[in-house]
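> Next comes the sequence, and after it the predicted model I'd like to discuss.
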Amino acid sequence: MTSTVPPTEEILLAETGAGAAPRRLSALSYFATKVGGAAVSMVMVILLGFFAFKVLPGDPVATLARERQLSSEQIAQLRLQMGLDKPLWQQFVDYLVNVFTLNFGESYVYKTSVSSLIGQYFWNTILLTGTSAVLAIALGLWLGQKAGWRPGSLFDRITSGMALVLWSVPTFWLALILLMVFGGTLHWFPTGGMTSPDPPADLFARILDVAAHMVLPVLTMVAVVYAQYVMVMRASLMEEKSADYLTTARAKGLRDDLVRRRHAVPNALLPAVTLMFLHIGGLIAGAVTVETVFSWPGLGKLTFEAISGPDLPLLQGTFVVFSAVIIVMNLIADFIYRRLDPRVRRG
Amino acid sequence: MPTPPRTRARQALGVVAAAALIALPVGAAHADSTSPARLDATASTPSPEADATTFRIATSGFVDTFNPFVSIYLTPTNINRYVYEYLVQNSAEDGSPTKGLADSWEVEDGGTTWVYTLQDDLVWSDDEPITSEDVVYTYEQMMTVPELAVANGNLVSNFESVEAPDDKTVVINLKTPQAPNPGTEVPIVPEHIWSEIEDPATFANDADVVGSGPYLLESYSANQSITLRANPNFWQGAPKIDRIQYVYYTNSDAQVQALRAGEVDFVSGLTPTQLQALEGVDGITTHSGEGRRYHSISINHGTVTRDGQPYGTGSEALKDVNVRQALRLGTDTETLLERVMEGRAEPATSFIPSSFPKWALPADDEVIMSYDPEAAMAKLEEAGWTEGADGIREKDGTPLQLRLLVDADDLTEQSIAEYFVPWMEEIGVRIAVESTDGDTISARSVSGDYDLYFSGWSINPDPDYQLGINLCSTLPTGTDGSGGTTQDGYCNPEFDELYAQQRSELDEDARREIVREMLAMNYTDTAQIATWYAHSLEAYRSDRFDGFTLQPKEGGIIASQAGYWGFLTVEPVEGAQQAEEGGVPTGLIVTGVIVALVIAGAVIFVLVRRRKMADVE
């Protein structure tokens, strides 16, 4: 999951780069550039989506034939149904048609259209990653500003140390340990899935049931990612600490706590906001590991399983969706940053 | 002075956050009380299922569809074994043909006509009678519609016609005489349901299915659960449990934890390490059964197409049968079985597992070679491979070096390689291990781009299919390896001749002789080194369920049978539910404490914040 999120320094660099753009950049051309860039990225992703997975080793029909005793007539019939007997250019055209009609073709495994599959699993992933993101951001920013206000203090050393340790823990490992301890041994939380096999009938009980299933995966995701918010917020606040306006605020007689909360933090939040949006995109793609360990029926699990096969249409579909989410989030980050920081607007 | 808007917003946020924090553990506690572990009715929301005995099985299997005509994957195929009775079932004893829908059958015209008589008073789960018309309908769909032959077309490829002279008689006319019973392995569907379906090939068949087997598919939620319920109309009587539920766990370690937590009652496909970890756990019984899978090291002995065109990159050396036999002689499969499999496997002789003793090549057959490095070196010497400077044998200046493809995700393959490489070194063969992913190995095995790779198959009770994919006629048609279904690229005209003989030999003893002769021939030709028949490792909550029927009955397996016996006879253990209720729900207590702490914390937080605010303002 870590690899999907660019390191903080890069984001900060990118932002300073944006700040140094030609002066008097009008709002319209700013938007046009950003949207245009996003559109170009999207086209590249769509082209890549076909060829990257086409060169994957493995033949979907050969994989099926390992699963069951098939005659060569049956294999030929399967090839025909999957469209694998067509020449490559024809398959590429089919793929483009599928992408632009937002249909993505039919999954080899699930025998239904990829778009309906993604539609079903997308919201499960959003529920999981959205909750994790909100908690991780809240926890990370809160700890980060506390730690950054008094760098080197005991609180700072404990907070930063713990965040960095958890940040470097492999997600898979942490997830399995939590599963073993709280699921298998202590029986506090369910060991997998999103609902009980027989979900309760009424709505409130159903929500609680899902919440219980969310605890361990959310805990894992939060533990592994909150560190980057801590570090960005901490660094950012440390920079603001010596600013003149804080001296003014203190001179007004405001208590230290209020100086931090009302004056320093809002300004220090800027880099964190950009990070947040970049991160949300990455988090969705990064759900693969957590969903796999906790059997969460989301896009990540769908992708993980589509790789063995390979279930080409499904892989292509999830790849395009993941990429689109990240591109859109980056775009939003650009817009929001402009909105929040007048310096970017003025160029 | 009014509270500033930002502070108010913050307080509201704080309350929401606290509420969320409180909700989580409560949810946990709630789930704990209704969790499958406790089959009681104390749930705050009684559901109709509350009193039903549900047997839960952990699964990670792919499901394409439950349509028996087109479903390829193992999980739906196994579930359809429960839903639809075959004309002829595979017995629990040894997998030989036994009573299914058909009570009895007769073979006429030297094996070209099979006449089946159905049992009396058979009914579908919707109380409609099961007649020979249903059988004819099913077979004819597969014979006439290519889309409906995807799953089982090979089983009816020898069918000329199927007739129903009366309600209880089915006549199958074959193109050529056939000894394997043609009535096995094809799920018979109800005509009155399927003939109404507009496009049977795309019908998902995943809810409220009408069937004839012991359990019926009730509902399916992709990647979450599959629910079966008992069929009261099953001809052997309704099963003793009400429901079977397959629950999805992507990860096999998670399945083990779910069994320990009591969320599921049965897991299969365990590794020896996982099985060991579960041994001695209270309420859990582990089972190591003789399965129907064989494992081997497949040897590229010179891949050729059906019309004899060589393709691929196989080593020249392996075209010599002496070299291949030397590899076999130099491989200590017994040590592998002990060290790698920890004894949880049977020694292999051929590709027909010993769990089908009727057909398997006996271990004391005269062709069987046991581990003998001396003999191996003698064979290599005889083949002209003489000892080179660094201990690696050479012929005309070329060292005897072979590539072994190993799946990087497969611990077993890696462990075998660790033993195999030094053994080969000892007899003067250098092995270059190429570690890669399963899909690459699969692709390279098709295109003949290998010397050695690990292979394995699940075998059906009748050996005909597996023998059939060792015929010359199953070799690929293209030089890219396409168009073939061959097991190891094996082709021997004598073997093909024997195959034709056994296929029409109706006398079972005579057929067995021929089959064993074929297996011995394949053994001597050494197209592969059969390593073992791995045990299937399973574990279940014996504090709740018992009474599984194994296949084969002696030392066999519970899940993944070629039949429905495993879960047919399972029954709840007397008094198990009381024992469960007596247990202290730890989660409730602990989560209760957490809830209390969080509430207290939230209250203190809000109070402190208020006071601070008051100070300032």
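Happy to help now that I have it.

> Could you use CA atoms for every contact and neighbour count after this?
OK.

> Identify the bridge partners of B:Thr113.
Counting by DSSP bridges, B:Thr113 forms beta bridges with B:Glu108, B:Asn173.

> check contacts around it.
Neighbouring residues of B:Thr113 by Cα atoms under 8 Å, 6 or more residues apart in numbering or on different chains: B:107, B:171-174, B:177.

> Quick check: pLDDT value at residue 215.
All of this refers to chain A. We note a pLDDT of 87 for A:Val215 in this prediction.

> hm, I was asking about chain B
With respect to pLDDT, B:Tyr215 scores 94.

> Do I have it right that it meets B:Thr227?
No. With contact defined as Cα atoms under 8 Å, B:Tyr215 does not reach B:Thr227; the gap is 9.6 Å.

> Of these two, which one has the most company?
More crowded of B:Tyr215 and B:Thr227, by other Cα atoms under 10 Å in any protein chain shown: B:Tyr215, with 33 against 23.

> residues touching that one, list them.
By Cα under 8 Å, 6+ apart, the residues touching B:Tyr215 are B:82-83, B:228-231, B:239, B:243.

> okay, and the common contacts of B:Tyr215 and B:Thr227?
Common neighbours of B:Tyr215 and B:Thr227 (criterion: Cα under 8 Å, 6+ apart): B:Arg243.

> got the residues of the stretch 1-150 of chain A near chain B?
Within the stretch 1-150 of chain A, the positions near chain B by Cα under 8 Å from any Cα of the partner chain are A:57-59, A:62-64, A:66-72, A:74-75, A:77-78, A:108-111.

> how deep is A:Gln91 tucked in, by neighbour count?
15.

> Check which helices and strands the helix or strand containing it sits against.
Remark: A:Gln91 resides in helix A:88-100, with elements defined by DSSP states H and E. Packing contacts for helix A:88-100, counted by 3 or more Cα pairs under 8 Å, 6 or more residues apart in numbering or on different chains; DSSP states H and E, involve helix A:27-54.

> The helix it packs on versus helix A:88-100: what angle between them?
In terms of direction (axes from the mean of the first three to the mean of the last three Cα atoms, to 10 degrees), helix A:27-54 departs from helix A:88-100 by 140 degrees.

> Give me the pLDDT value at the spatially closest residue to B:Ser157 that is not a sequence neighbour.
Nearest residue to B:Ser157, sequence neighbours excluded (Cα to Cα, 6 or more residues apart in numbering or on different chains): B:Met143, at 7.5 Å. What the model reports as pLDDT for B:Met143 is 90.

> thought B:Met143 was touching B:Val156?
Yes. If you go by Cα under 8 Å, B:Met143 and B:Val156 touch, sitting 6.7 Å apart.

> more neighbours, those two?
Shown here are B:Met143 and B:Val156; by other Cα under 10 Å, B:Met143 has more neighbours (22 against 19).

> I'd like the distance between that one and B:Ala149.
Using Cα to Cα, to the nearest Å, we find B:Met143 at a distance of 7 Å from B:Ala149.

> Find me whatever residue is spatially closest to B:Ser298, sequence neighbours aside.
Per Cα to Cα, 6+ apart, closest to B:Ser298 is B:Gln528, 4.3 Å.

> got the residues of the stretch 251-400 of chain B near chain A?
Contact residues (Cα under 8 Å from any Cα) of the stretch 251-400 of chain B with chain A: B:251, B:253-254, B:256-261, B:263.

> And the pLDDT for A:Ser132?
A:Ser132 is assigned 88 on the pLDDT scale.
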